[in-house]
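*Asks:* got a predicted structure plus its sequence, pasted below:
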Amino acid sequence: AAALKSIAIIEDEGLLENAAVVGDYFLDRLKGLEALPLVGQVRGRRLMVCVENVASKATKEPLPDGVNESKRISDAAEAMGLMVRPIGHLNVMSPPLTITKDQVDFVVETLEQAIRQVSDEVVREGYRIG
């Protein structure tokens with residue numbers, strides 16, 4: 001009964017359609033982060049995406065594991081009100097099917113601030129990125 005009710009809610013509220021439209025917007029907005037020196041690639045599909053962090057955009061070589069940039073980005077983003085999952089050299093996101101375009105804008109802008117903050121710290125620590 002609970003599963004059938006969940007399916008009815010998904011259909012009645014148009015959650016799959018929202019995931020398609022807003023998910024495409026989300027991925028397009030996140031792709032803009034690829035201009036940042038620390039971001040090697042944004043990949044995924046609609047509402048399941050990750051941002052890959054690299055030391056070298058040309059070779060896609062990651063920073064040394066001890067730098068822990070993904071966790072640092074996650075911590076900085078969380079301090080600004082955004083939760084992302086750090087996994088290795090990735091920051092992974094899978095927001096709810098109900099996310100709006102305004103909320104996507106908040107996610108992307110906040111994540112960008114966090115990446116810029118950590119990039120500055122990493123450079124001050126003597127690592128080269130870009």
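*Replies:* Now that the structure is in, tell me what you want to look at.

*Asks:* okay, CA-based contacts and neighbour counts for the rest of this
*Replies:* Fine.

*Asks:* can you name every helix or strand that the top helix by length along the chain contacts?
*Replies:* As assigned by DSSP state H, the longest helix anywhere in the chain is helix 101-124. Judged by 3 or more CA pairs under 8 Å, 6 or more residues apart in numbering; DSSP states H and E, helix 101-124 is in contact with helix 15-31, helix 69-79.

*Asks:* contacts for the shortest one next, please.
*Replies:* Yep, that's helix 69-79 we're talking about. The contact list for helix 69-79, computed with CA atoms under 8 Å, 6 or more residues apart in numbering, reads 53, 63, 83-91, 110-111, 113-115, 117-118, 122.

*Asks:* and with 7 Å instead?
*Replies:* Applying CA atoms under 7 Å, 6 or more residues apart in numbering, the contact partners of helix 69-79 are 83-86, 88-91, 110-111, 114-115, 118.

*Asks:* now list the buried members of those residues.
*Replies:* Among the contacts of helix 69-79, those scoring as buried are 83-86, 89-91, 110-111, 114-115, 118 (criterion: 16 or more other CA atoms under 10 Å).

*Asks:* let me have these in CSV, extended by pLDDT and distance to residue 42.
*Replies:* Compiled in CSV, the buried ones among the contacts of helix 69-79 are given as follows (pLDDT from 0 to 100; distance: CA to CA, whole Å):
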residue, pLDDT, distance to residue 42
83, 96, 17
84, 97, 14
85, 98, 14
86, 98, 14
89, 97, 12
90, 98, 9
91, 98, 10
110, 98, 16
111, 98, 12
114, 98, 16
115, 98, 13
118, 98, 17
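
*Asks:* in JSON lines: the residues you listed, plus distance to residue 47.
*Replies:* Conversion of those to JSON lines gives the following (distance: CA to CA, whole Å):
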{"residue": "83", "distance to residue 47": "14"}
{"residue": "84", "distance to residue 47": "13"}
{"residue": "85", "distance to residue 47": "14"}
{"residue": "86", "distance to residue 47": "16"}
{"residue": "89", "distance to residue 47": "19"}
{"residue": "90", "distance to residue 47": "16"}
{"residue": "91", "distance to residue 47": "13"}
{"residue": "110", "distance to residue 47": "17"}
{"residue": "111", "distance to residue 47": "15"}
{"residue": "114", "distance to residue 47": "20"}
{"residue": "115", "distance to residue 47": "20"}
{"residue": "118", "distance to residue 47": "24"}
